[in-house]
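Participant: next comes the sequence, and after it the predicted model I'd like to discuss.
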Amino acid sequence: MEIYFDNAATTQPYPAVRETVMQMMDADYGNPSSMHMKGVESERFVRSATETLAGLLRVKPKEIFYTSGGTESNNWALFGTADRQKRKGRHIIISAVEHAAVSAPAKVLEKQGFEVSRLGTDTFGRVDPEELRAAMRDDTILVSVMFVNNEIGTIEPIAELGRVIHACNSDTLFHVDAVQAFGKLPIYPKQLQIDMMSVSAHKIHGPKGAGFLYVGEKARINPLIYGGGQQNDMRSGTDNVPGIAGMARAAEEIYSRMDANKEHLSALKSRLRDGLAEMEDVVIHADLPETAPHILNASFLGIRSEVLLHTLEDAGIYVSAGSACSSHKRAGSATLTAIGCSKEEMESAVRFSFSGMNTIEEVDVALDVIRRVVPQLRRFRRR
Amino acid sequence: MRYQSFLVKYAEIAIKGKNRHIFEDALIRNIRSALKPVDGIFHVFKEMGRLYIKMDEPYDYDGALEALQRVFGIAYICPVVAVDSLEFPVIADHVADYMRAVYPEQEASGRSFKVFARRASKQYPMDSMEIASELGGVILEACPHLHVDVHHPEISLTVELRQQAYIYSENIPGPGGMPVGTNGSAMLLLSGGIDSPVAGYMIAKRGVRIDAVYFHAPPYTSERAKQKVVDLARQVAKYSGPIRLHVVNFTDIQLAIYEKCPHDELTIIMRRYMMRIAEQFAGKDGAQGLITGESIGQVASQTIQSLVCTNAVCRLPVFRPLIGFDKQEIVAVSEKIGTYETSILPYEDCCTIFVAKHPVTKPSLKRIEHSEKKLADVIDQLYQEALDSAETIEIG
């Protein structure tokens, strides 16, 4: 039996997505930029995908720009803004818990002479809007805060942050990395005052290598990739038609189940949470009622993440090591550091992440296995 | 400059008397196999006691050189310009072109040179001295920025007249050592660390064929840790030729030791079992020695007293080429041979997972042997299972 609890890493594509991608590879393989019929037909698929995605977010189709995925979208939001707005200011604010696809570009911009402020969080991983207000300046060109934390599932107070930013400085652009939130929570960028938002297809049962950046019409950023002038000169490169069509198909599907999914995922998560909470020496991180329903992170004190991961793997259960660090040499996870985890907690953190495809029985099986192996593994603690 | 041949110089092979052809044949074989993945057609042959590689144009010069620099037994590689005609004026023209191209004024101004000439046929109308001095004049005319120094030349230009005329002056160092396959074989205890791949490299350099054994401990060590060791073996195999890698599941033995023996002796006892298992595989593969990356005093299990304890279980000689090396020196070799980058990837090895906080540094063999007795009722079976369940991967 295979129990896949690593859906924050990637998800299994929906059967409908597989079919759509197949169709685009098989029959409708045209280049949307071609003049002939084959191209026009492909363009139609892209246009309809754009309308679908824009409709789900209640934004305009011309505000959707396709990319190769979350990392490119995040890189583009940061570098594109910095490049375009550098005469207005050179100050950028991010949170201390951002994904590397945001924090690494910020570091590069720092080397290029931009100033980067990093907002800390409370022990649940939440950014404080008042701290953001204090950090805002006249020369702040960009604020980038993630929607849902990929490691511990915390939902950031995006609406409040949006209000604070635009009250302080109407020129500042607000970028939100929504890779873990899109399809799981209802998100309307206009209501939330989001200027740019990153989305990835493979986290919502779509294909890998596809994603988009929402760029509100008023936000001015420069392209990251130049070439044939596709997508209104903003992102050159032949449209990834199978990826785009597959992503739209996945989005439609996951949106159609959003409410049911939310209930289902919450049930899975609280079942696992309650089971783990009964165990000794298990620390559940960001243990709040209002976190993302698909991510749960816990430390099994005394057992290295990697060891529990491989033990569960032997039982057919796939999870992720809670911290990106697998050795004493590398720095631990930024998120776990920010929420004040001890070294022991960092080294033993494991992330479980669900999708609508998981069942309550799977959670029960996993709990049984965990209850069985954890005491065994603890017998061989490092002394 | 385009070169049509390489002259391969070997140092130690030349002194091996009647066995010389064995070494030369092995070297030719190893050169051929090293050049196989390189773009080009290469002819490797012996001619009048020298080893040449003749290339069909076009070929990948940098790739060929890089491959040759990994073949043990090669002392120097000389890129050679071959001239079809033996007519002196034709040769002189080529020599002038060669010197202008290889030692242009902006790089070589003020340097000294000497011409060495050899002729295979005594029928040639000029003798060696005359050829050398005539060519010296030609060069001085073509390259006024050079001068002659017959005692301590910075540039030694050799011109050999055989079926063709060969012109060369560069001696690019090879790795030295002896051709792999001419000195038996040995079993390397390979881990994911920095030392053991270097140890394997150094023994292979002496002409020894290498096989290896790796101990993993799932779930305490990951599939990626194993992949890392396979990658390291692959890199060593670029020098040593094919390696047979035995992957032994060591978890149960480790856990048994952990449960039954004193914790400060864990590593020593563990290493004794590793040596025993490695020796078993050596027996199966016909290897005549074991190789480890140990260096005196580097860690607790590598003090002299510890080495005495681990050595005591082996009948075969244990080669420890790094025994007198400092860590810095080992790192330098691993960087040179391209294993360093892989070695420092952060995957835990089975040696590090259960390390005691304060391991013994001066174990006594008697006490260790006494502690090992506590394993008596389980160890034979675990030992046999470890041997039987080992996976063998052919590398290179």
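Facilitator: Perfect, thanks for sending it. Residues are numbered from 1 along each chain as shown, chains lettered A, B, ... in the order given.
Participant: just the element for residue B:308, please.
Facilitator: Residue B:308 is part of helix B:304-311 when elements are defined by DSSP states H and E.
Participant: where does the residue nearest the centre of chain A sit: helix, strand or coil?
Facilitator: Centroid-nearest residue in chain A, with C-alpha atoms, centre = their mean: residue A:179, separated by 2.6 Å. Of the three states, residue A:179 takes coil under DSSP: H, G, I helix; E, B strand; the rest coil.
Participant: doesn't residue A:197 make contact with it?
Facilitator: No. Judged on C-beta atoms under 8 Å, residue A:179 makes no contact with residue A:197 at a distance of 9.6 Å. In this view, the C-beta of every residue, glycine as well, is placed from N, C-alpha and C.
Participant: name the spans of chain B whose pLDDT lies under the cut-off.
Facilitator: Filtered on pLDDT under 70, chain B yields the residue ranges B:12-16, B:350-353.
Participant: which residues of it lie near chain A?
Facilitator: B:218-220, B:222-223, B:255, B:258-259, B:263, B:344, B:346-348, B:353-357 (C-beta under 8 Å from any C-beta of the partner chain).
Participant: domain-wise, how is the chain divided?
Facilitator: This is for chain A. Domain assignment for chain A, taken from automatic domain parsing, gives A:3-10+A:258-379, A:15-256.
Participant: meant chain B actually
Facilitator: Split by automatic domain parsing, chain B gives B:5-173, B:185-395.
Participant: how close does the residue nearest to the centre of chain A sit to chain B?
Facilitator: Using C-beta to the nearest C-beta, to the nearest Å, residue A:179 is found at 25 Å from chain B.
Participant: tell me how many other residues crowd the closest residue to that residue other than its chain neighbours.
Facilitator: Spatial nearest neighbour of residue A:179, chain neighbours left out: residue A:70 (4.1 Å); criterion: C-beta to C-beta, 6 or more residues apart in numbering or on different chains. Close neighbours of residue A:70, defined as other C-beta atoms under 10 Å in any protein chain shown, add up to 26.
Participant: thought residue A:70 was touching residue A:100?
Facilitator: No. Between residue A:70 and residue A:100 there is no contact under C-beta under 8 Å: 10.7 Å.
Participant: sorry, back to before: give the contact list for the residue nearest to residue A:179.
Facilitator: A:99, A:101, A:177, A:179, A:198, A:199, A:200, A:203, A:211 (C-beta atoms under 8 Å, 6 or more residues apart in numbering or on different chains).
Participant: ok, how many other residues are close to the spatially closest residue to residue A:379 that is not a sequence neighbour?
Facilitator: Once flanking residues are discounted, residue A:379 sits nearest to residue B:259: 7.8 Å by C-beta to C-beta, 6+ apart. Using other C-beta under 10 Å, residue B:259 is surrounded by 12 other residues.
Participant: sec struct for residue B:259, please.
Facilitator: helix.
Participant: repeat for residue B:196
Facilitator: On the basis of three-state DSSP, residue B:196 is classed as helix.
Participant: quick revisit: dump the domains of chain A to TSV, plus mean pLDDT.
Facilitator: Formatted as TSV, the domains of chain A follow (pLDDT from 0 to 100):
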stretch	mean pLDDT
domain A:3-10+A:258-379	91
domain A:15-256	97
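Participant: distance to residue B:185 added to those domains, as CSV?
Facilitator: CSV is the format used below for the domains of chain A (distance: least, C-beta to C-beta, whole Å):
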stretch, distance to residue B:185
domain A:3-10+A:258-379, 34
domain A:15-256, 45
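Participant: and the closest residue to residue A:85 other than its chain neighbours, what helix or strand is that in?
Facilitator: Using C-beta to C-beta, 6+ apart and skipping residues adjacent in sequence, the residue nearest residue A:85 is residue A:141, 4.0 Å away. In this structure, residue A:141 sits in strand A:140-146 according to DSSP H and E.
Participant: other SSEs contacting that strand?
Facilitator: helix A:70-85, strand A:91-95, helix A:100-111, helix A:158-168, strand A:173-177 (3 or more C-beta pairs under 8 Å, 6 or more residues apart in numbering or on different chains; DSSP states H and E).
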